[in-house]
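Visitor: Take this sequence and fold it.
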Amino acid sequence: MKMNLLPHNRETGSGLLVTIVMMAIALAALAAAMAWSANTTRLNERTIQYTRSLAAAEANTEAVIAQIARDFWSSGAKTVFEGSNTYRNIVLTNGTVWKGWEFSDANNNAQKTFVDIGSYTNYIELDSIYAGLRGYVCPIKVVSNARLTNTIQNVVGTVAQSFQLTSIPIFQFAMFSSGDMEISCGQPFKITGKVHANKNLYVEPDKELTFESDVTAVGDILFQRHPLDDRSPPAGVAVYKERKEAHVPSLTLPIGTNNSPLAIREIIQKPPVGEAVSSPMGKQRYYNLADLIITVTGGGTNPTITASTGIPFSPKKNVSSSTLKKFAYVNTNFFDWREKKRVRPLELDIKELTAWSTTISWFGSRAVSSIYVSDQRVLAATELAAVRLRNGTNLPANGLTVVTARPLYVWGHYNQKSLLNLGTTNTTTTVPASIVADAITVLSTNWQDSNSMNLVQNRNAKPTTVNAALLTGSVDTTLGLYSGGMENFPRFMETWDLANTFTYNGSMVKMFPSQYATNTWENRTNVYSPPARAWAYDLNFDVGTKLPPLTPSVQRLMRGQWAALAPYKTTNSPGF
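Guide: As a prediction, the model looks like this:
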């Protein structure tokens, strides 16, 4: 039998064709998949490399910011402004981590970083946790481009960061402490300005204590006595009318890396031999900044007084002895019951000093606005060298700051031109003023040196007004011995009682431990009875031009924006 196989051959050919077509389609799909996979891999690798480049660029900006921050905290914004070119040369090169990385600025200059530093003289109102305060703000932008040179992916990552260097005049606080702060009160007490402690704040009223403005602390805000204070728990109440916030960033002076209260005390000391005035501490020492330097040497009975004056950081001119005798002398003494010592003060007659100051032309159109007293006398152990300000009702028109590393006494009204405003918070007729010393004691208008040895009941005060910022030391609480707190920050040596008011307008800054006036507040038998306190923060200090001469500033770096930019750009539009 014969079979016909042609139909079968056709079917076989058709199947082969289909197979070939399907294989072609499969190969095409495979090729497309492989191409897609390769492209995806390349895209993923590029994305990964871009992310790495961004991280490298950010790390480089952080290196620059870290150096700026160190310089700012140790020396201030002016030093940063003057070091712009130094920061532009900072790039990450150390170690194997950054091998193969290239960093560049906005103009693609290799091994450079874009750094733009604005003016450090802008005095503006701050935001963030320091809302309501004013400060000198220096805006800065840092931009870095980064790429890895040893890969086929030429991917550039660009990061920009903006931030502000903020210098806050310290006298913008009603009360400020570089360490712990304690506030108690045996009578109702209102604090009208901002309060800040760089450590813990112990709120311990025995009457009503009212905070009219913001209260902040780097540590805790505690309604209790200090752990070393063994008095019974506070029996009063604390009222907070504005923000109360603990664990805020610390505010420090640009004096170097150590901002302990003991280190801060150096700003009122005469500089040691060999210290450069351009050093971080040298720039902050009142001695280097003062218009007039008065030096007292010798013993207690016949000391020598000399003085020189002139623009800071320039050669001084000597003040003649005949002129100096008109406003500086040492022929008085009195007894301090807290220190249990006879005080031999250098008397500064502010009225006579102001009159002399208006006759000289060494400072152009202004008078002497700052005085540093360097008292180097060697006295008996029962005696205390000090400075006393008298006849201080009228100060030089441009203001006055008086500084000494010794204790200081203010006798009578101070910086109170208009007697019509006595006993009020009206400071429209005052001038910018501050007093800086180891300890500050207020002697009323009724004080008499001849009466100083009498019992406190026979040392009667009369109402007195002081309008000046106080930056001084204290004797901190020790086991069983209360410091006296901020309510006793200015010291007294008379019987005031509630019938006699001590009116105070200014800012109280507790910065360091006292070195010379070191007897404790608890040792107050026969020392004083407290006045009625009419205290207020001086609102003039909210205005930059009305701050006291040589007002120190505390520093803070405030972060702003972070942005990823197009390569070799310094801004996005719109955006950063």
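Visitor: What backbone torsions are found at the residue lying closest to Ala276 once chain neighbours are set aside?
Guide: Spatial nearest neighbour of Ala276, chain neighbours left out: Gly282 (5.4 Å); criterion: Cβ to Cβ, 6 or more residues apart in numbering. The C-beta positions use only the backbone N, C-alpha and C, and glycine is treated the same way. Per-residue torsions, Gly282: phi -60, psi -40 (degrees, to the nearest 10).
Visitor: quick one, what contacts Gly282?
Guide: Contact analysis of Gly282 by Cβ atoms under 8 Å, 6 or more residues apart in numbering lists 271, 275-276, 288.
Visitor: With Tyr568 instead?
Guide: Tyr568 neighbours (Cβ under 8 Å, 6+ apart): 104, 106-108, 145, 156, 158.
Visitor: Can you add pLDDT and distance to Thr216 and give the residues you listed back as CSV?
Guide: As requested, the contacts of Tyr568 are exported to CSV (pLDDT from 0 to 100; distance: Cβ to Cβ, whole Å):
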residue, pLDDT, distance to Thr216
Ser104, 93, 42
Ala106, 88, 39
Asn107, 89, 43
Asn108, 89, 45
Asn145, 95, 39
Val156, 93, 43
Thr158, 94, 37
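Visitor: Quick check: closest non-adjacent residue to the spatially most central residue of the chain.
Guide: Closest to where the C-alpha atoms of the chain average out (Cα atoms, centre = their mean) is Val554, at 1.1 Å. Counting by Cβ to Cβ, 6+ apart, Leu251 is the residue found nearest to Val554 once chain neighbours are left out, at 3.8 Å.
Visitor: show me where the stretch 201-350 of the chain has strands.
Guide: 201-203, 208-211, 215-217, 221-222, 237-240, 244-246, 292-297, 304-309, 317-318, 328-329, 334-336, 341-349 (DSSP state E, counting those that start in this stretch).
Visitor: average pLDDT across the first one?
Guide: The reference is to strand 201-203. Mean pLDDT, strand 201-203: 98.
Visitor: Pairing partners for it, with directions?
Guide: In the sheet, strand 201-203 lines up against strand 181-183 (parallel), strand 221-222 (parallel) (DSSP bridges).
Visitor: and if you look at the third one?
Guide: According to DSSP bridges, the neighbouring strands of strand 215-217, each with its direction, are strand 195-197 (parallel), strand 244-246 (parallel).
Visitor: swap in the fifth one?
Guide: For strand 237-240, the pairing partners within the sheet under DSSP bridges are strand 208-211 (parallel).
Visitor: Show which residues not belonging to the partner strand make contact with it.
Guide: Counting by Cβ under 8 Å, 6+ apart, 183-185, 188-191, 195, 203, 236-242, 244 sit against strand 208-211.
Visitor: Tell me the buried residues in it?
Guide: 209-211 (16 or more other Cβ atoms under 10 Å).
Visitor: Next: stretch 513-521.
Guide: Quick answer for stretch 513-521 (16+ other Cβ under 10 Å): 513-517, 519-521.
Visitor: Include pLDDT and distance to Phe72 when you put the buried residues of strand 208-211 into TSV, please.
Guide: As requested, the buried residues of strand 208-211 are exported to TSV (pLDDT from 0 to 100; distance: Cβ to Cβ, whole Å):
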residue	pLDDT	distance to Phe72
Leu209	96	36
Thr210	97	36
Phe211	97	30
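Visitor: Any chance of JSON lines for those, columns distance to Leu353?
Guide: Output for those, formatted as JSON lines (distance: Cβ to Cβ, whole Å):
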{"residue": "Leu209", "distance to Leu353": "39"}
{"residue": "Thr210", "distance to Leu353": "39"}
{"residue": "Phe211", "distance to Leu353": "38"}
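Visitor: which one of those residues is nearest Arg344?
Guide: The closest of the buried residues of strand 208-211 to Arg344 turns out to be Leu209 (Cβ to Cβ; 38.2 Å).
Visitor: beta partners of that closest one?
Guide: Those that pair with Leu209 in a beta bridge, by DSSP bridges, are Phe189, Ala238.
Visitor: Please report how far it lies from Leu470.
Guide: Here Leu209 is placed at a distance of 20 Å from Leu470 (Cβ to Cβ, to the nearest Å).
Visitor: do the same with Phe114
Guide: In terms of Cβ to Cβ, Phe114 sits 45 Å off from Leu470.
Visitor: picking up where we left off before, tell me the contacts of the residue nearest to Val554?
Guide: 168, 196, 198, 554-556.
Visitor: Kindly recompute the last result at 7 Å.
Guide: Taking Cβ atoms under 7 Å, 6 or more residues apart in numbering, we find Leu251 in contact with 168, 196, 198, 554, 556.
Visitor: Same question for Glu242.
Guide: 213-214.
Visitor: can you list the domain ranges for this structure.
Guide: With domains defined by automatic domain parsing, the chain comprises 17-167+556-565, 173-251, 290-532.
Visitor: and Ala445, how many residues sit next to it?
Guide: Residue 445: Thr, not Ala. 13 (other Cβ atoms under 10 Å).
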